[in-house]
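1. fold the following.
(one chain, ligands or ions: 1)
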Amino acid sequence: MQAVKVIAKNFLNLFYPLHCLGCETALEAMNEFHLCERCIASINHNAMPPFELDGLPVLAYSACIYDDALKELVHSFKYKGKTILAGIFSKLMIDYIKDNPEIVNVDIITVVPLHRERLREREFNQSLLIANPIAKEHCIILANTLEKMHKTRYQNELPKSERLKNLRGAFDVSSDTEIKDKNILLIDDIMTTCSTLGECAKTLLNGGAKSVKCFTLARGI
Ligand SMILES: [Zn+2]
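-> Predicted coordinates for the structure are as follows:
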């Protein structure tokens, strides 16, 4: 079966050659991540220890640094529909967990939700796409535990002082999954000022979660 797949992919590659989503170099048909080795190597891993979110008993972990190399890729992923990049993003996070196994010592994995209108525009929740392989790898339930109650402005369009105000009351606990006394891992793509993660973590703790940890693909520097 594998051989058939390889032949089919090589055949397709004759007509639709695969190019690296980072630098457009031609790639072999079987390239799993649609990225060349040089572009993968240019992603900077995060060596800083986890830190506590402002005023909350919540540790925040990040696998990578959100610098220029990753910014371009994340932009293609979120705004140009290159969802295939979820594969390399979750792999980087799974690799990071190998050195920080306490991250997945939880009952439920959940993600920062999008408002339903934003979800309709984008057609996917980027955090759900990267959380899914992590949940599968560690056999942990992936569930929607939060809802975004009103549409907020993009955090990156606002000055730091406005970001918390923008999010106040934006999230609520979803009725889909019981979170009472559960240890929860909250996954998102990027952490910059921590206000979104802080607001979501607070909502989960106020809703009865026993503990919350946050884990993102990358953090700003
Ligand atoms: Zn490349």
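2. which stretches in the chain count as strands?
-> In chain order, the chain shows strands spanning 51-52, 59-65, 108-111, 141-142, 146-148, 171-173, 183-191, 211-219, with DSSP state E as the criterion.
3. show me what the second one is packed against.
-> So that's strand 59-65. Under the contact definition 3 or more Cβ pairs under 8 Å, 6 or more residues apart in numbering; DSSP states H and E, strand 59-65 sits against strand 51-52, helix 86-99, strand 211-219. In short, each C-beta sits where N, CA and C put it, glycine included.
4. give the pairing partners of the last one; include direction for each.
-> It stands for strand 211-219. Using DSSP bridges, the strands paired with strand 211-219 in its sheet are strand 59-65 (parallel), strand 183-191 (parallel).
5. contact residues of the chain facing the ion?
-> Cys20, Gly22, Cys23, Thr25, Cys36, Cys39 (Cβ under 5 Å from the ion).
6. what about the first one, distance to Val58?
-> It stands for Cys20. Counting by Cβ to Cβ, to the nearest Å, the gap from Cys20 to Val58 is 37 Å.
7. looking at the two, which has the bigger crowd around it?
-> Using other Cβ atoms under 10 Å, the more surrounded residue of Cys20 and Val58 is Val58, with 24 against 18.
8. verify the contact between the more buried one and Phe51 for me.
-> No: taking contacts as Cβ atoms under 8 Å, Val58 lies outside contact range of Phe51: 9.8 Å.
9. need the residue closest to the centroid of the chain.
-> With distances taken as Cα atoms, centre = their mean, the chain has Asp189 as the residue nearest its mean C-alpha position (3.1 Å).
10. neighbours of the closest residue to Asn156 other than its chain neighbours, how many?
-> Once flanking residues are discounted, Asn156 sits nearest to Thr192: 6.9 Å by Cβ to Cβ, 6 or more residues apart in numbering. Using other Cβ under 10 Å as the criterion, Thr192 is surrounded by 17 other residues.
11. how about the helices in the protein?
-> 2-15, 37-41, 68-79, 86-99, 116-122, 126-137, 160-167, 195-206 (DSSP state H).
12. mean pLDDT for these: which is lowest?
-> The minimum mean pLDDT among these belongs to helix 2-15 (a mean of 66).
13. returning to that earlier point: want to throw the strands of the chain into JSON lines with mean pLDDT?
-> Rendered in JSON lines, the data for those read as follows (pLDDT from 0 to 100):
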{"stretch": "strand 51-52", "mean pLDDT": "95"}
{"stretch": "strand 59-65", "mean pLDDT": "98"}
{"stretch": "strand 108-111", "mean pLDDT": "97"}
{"stretch": "strand 141-142", "mean pLDDT": "96"}
{"stretch": "strand 146-148", "mean pLDDT": "92"}
{"stretch": "strand 171-173", "mean pLDDT": "92"}
{"stretch": "strand 183-191", "mean pLDDT": "97"}
{"stretch": "strand 211-219", "mean pLDDT": "98"}
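14. can I get those in JSON lines with distance to Ile84?
-> As requested, the strands of the chain are exported to JSON lines (distance: least, Cβ to Cβ, whole Å):
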{"stretch": "strand 51-52", "distance to Ile84": "31"}
{"stretch": "strand 59-65", "distance to Ile84": "18"}
{"stretch": "strand 108-111", "distance to Ile84": "19"}
{"stretch": "strand 141-142", "distance to Ile84": "20"}
{"stretch": "strand 146-148", "distance to Ile84": "26"}
{"stretch": "strand 171-173", "distance to Ile84": "29"}
{"stretch": "strand 183-191", "distance to Ile84": "15"}
{"stretch": "strand 211-219", "distance to Ile84": "15"}
